[in-house]
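Q: sequence and computational prediction follow.
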Amino acid sequence: MVQSTEEGMQSFEELVRHYSHSCLWWLGPWCPIMRLFHPEAIKPVLQASVAVAPKDPLFYGFLKPWLGEGLLLSNGQRWGWHWRMLTLAFHFDILKPYVKIFNQSTDIMHAKWRRLVLSGSPSLDICEQMGLMTLDSLQKCIFSHHSDGQEKPSNYILELLNLVVRRHQQLLHHLDCIYYLMADGQRFQQVCSIVHCFTADVVQQRRLTLGHVGREAWLQAKQGKTMDFIDVLLLAKDQDGQELSDEDIMAEADTFMFGGHDTTASGLSWVLYNLVCLPEYQQQCREEIQELVKDKALEELEWEDLSQMPFTTMCIKESLRLHPPIIAVSRRCTEDIQLSNGCVIPKGACR
């Protein structure tokens, strides 16, 4: 198993250089795993229907006790219904006020950095700092929860993620009957309970308030204010008037906390790393941003500014291309799939 370390990443890069198209691994004597690297090799699998290439329950199953049946782990009709219900949450009118929240969380992070500089600290862990900032932003955007998390971190989300990664790397821990007897398995259950209790409390209290004041009064009270993710999901209805249940909303909230926290922190950290390696591009980005904020009372970017920074956007996209936060997806074939080179992924194989 490839370890989640610098050495593990280097060995994986060497594997891709040697097998530029694909290679076959065995997870024990019973489970073949086809690793596809080249875009032309991956294309037939990604173009296959959900029925033919559904999400692999082994790869994603360890997340289910934590994330439930949200967008990441659901399939078929359930996934389609949830996607339609969540579309409203990504409307520009909902997202625009979040820029102010991002600015506030970033200001907190910058203030910490300035204090470290004044104290003579020689270095800091950018990934850790970015993770705390993105977690702070998500708590505000999803729950309207304003904590002191960047100053006094208690990162249960990252702990759960590390526990899942460790479980994936230890074959005996793939078995529930063994894993939940181990210290890691027991801690995983404890932290899941903490996270679920927090999410359930927010959702249930918010639904009680909505039921008490009524939908129209609720919307009236929210005019001119930021609607968080929980608000949007509580108000969502399909064409038949069906609403998301508390369990559905909890699953989506936990999924977006997981999916938007570490990935965003990783992407931002790599952007900064790449700009440090290319100081001339770093300077161009700086000048582009300075030009946008030079006549503002507060040196903060607003929603309308995001489309006015083409060079910075190109640098961000190139960094994401070079160092994507998500480096793999996993599917389990229910039918044989033929690749472009004539090889066949047999039914039941993972990729």
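A: Perfect, I can see it now.
Q: quick one: the helices in the stretch 51-200 of the chain?
A: Secondary structure of the stretch 51-200 of the chain, counting by DSSP state H, counting those that start in this stretch: helices at 57-61, 64-67, 76-86, 92-95, 98-118, 126-143, 156-169, 176-179, 183-213.
Q: chain center to the longest one, what's the gap?
A: The one in question is helix 183-213. Its chain's average C-alpha position is 19 Å from that of helix 183-213, according to CA atoms, centre = their mean, to the nearest Å.
Q: please apply the same query to the second one.
A: Centroid separation for helix 64-67 versus its chain: 14 Å, with CA atoms, centre = their mean.
Q: pull the CA atoms of it into PDB?
A: Presented in PDB, the C-alpha positions along helix 64-67 are these (Å, rounded to 0.1, in the frame of the first residue of the first chain):
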ATOM      1  CA  LYS A  64     -19.900   6.000   5.500                       C
ATOM      2  CA  PRO A  65     -20.200   5.900   9.300                       C
ATOM      3  CA  TRP A  66     -19.000   9.500   9.300                       C
ATOM      4  CA  LEU A  67     -20.600  11.100   6.200                       C
END
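Q: could you give me the buried positions within it?
A: Of the residues in helix 64-67, those with enough neighbours to count as buried (16 or more other CB atoms under 10 Å) are 66, 67. Bear in mind the C-beta positions are built from the backbone N, C-alpha and C, glycine included.
Q: mean confidence score for that helix?
A: Computed over helix 64-67, the mean pLDDT rounds to 93.
Q: who does it touch, helix- and strand-wise?
A: Applying 3 or more CB pairs under 8 Å, 6 or more residues apart in numbering; DSSP states H and E, one finds that helix 64-67 makes contact with helix 183-213, helix 246-277.
Q: for residue 116, find the nearest of those.
A: Shortest separation from residue 116 across those is recorded for helix 246-277, at 15.5 Å, computed as CB to CB.
Q: in TSV, list the helices of the stretch 51-200 of the chain along with distance to residue 229.
A: Rendered in TSV, the data for the helices of the stretch 51-200 of the chain read as follows (distance: least, CB to CB, whole Å):
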stretch	distance to residue 229
helix 57-61	22
helix 64-67	15
helix 76-86	9
helix 92-95	9
helix 98-118	10
helix 126-143	4
helix 156-169	15
helix 176-179	31
helix 183-213	10
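Q: for residue 14, which of those helices is the nearest?
A: When these are compared for distance to residue 14 using CB to CB, the nearest one is helix 156-169, at 18.5 Å.
Q: what does that closest one rub up against?
A: By CB atoms under 8 Å, 6 or more residues apart in numbering, the list of residues contacting helix 156-169 from outside reads 1, 3-4, 59, 62-63, 66, 131, 135, 173-174, 179, 184-185, 187-188, 191-192, 194-195, 257-258, 261-262.
Q: if I look at residue 9, how far off is residue 20?
A: For residue 9, the distance to residue 20 (CB to CB, to the nearest Å) stands at 17 Å.
Q: on that earlier part again, quick check: which of the helices and strands packed on helix 64-67 is buried the most?
A: Highest mean neighbour count of the helices and strands packed on helix 64-67: helix 246-277, a mean of 20 (counted as mean count of other CB atoms under 10 Å).
Q: just checking, what packs against the next helix or strand along the chain from that one?
A: Secondary structure here is assigned by DSSP states H and E; on that basis, the next helix or strand after helix 246-277 toward the C-terminus is helix 279-293. Taking 3+ CB pairs under 8 Å, 6+ apart as the contact definition, the neighbouring helices and strands of helix 279-293 are helix 246-277, helix 310-322.
Q: which stretch among the ones you listed comes nearest residue 228?
A: Comparing the helices and strands packed on helix 279-293 by their distance to residue 228 (CB to CB), the top pick is helix 246-277, with 9.6 Å.
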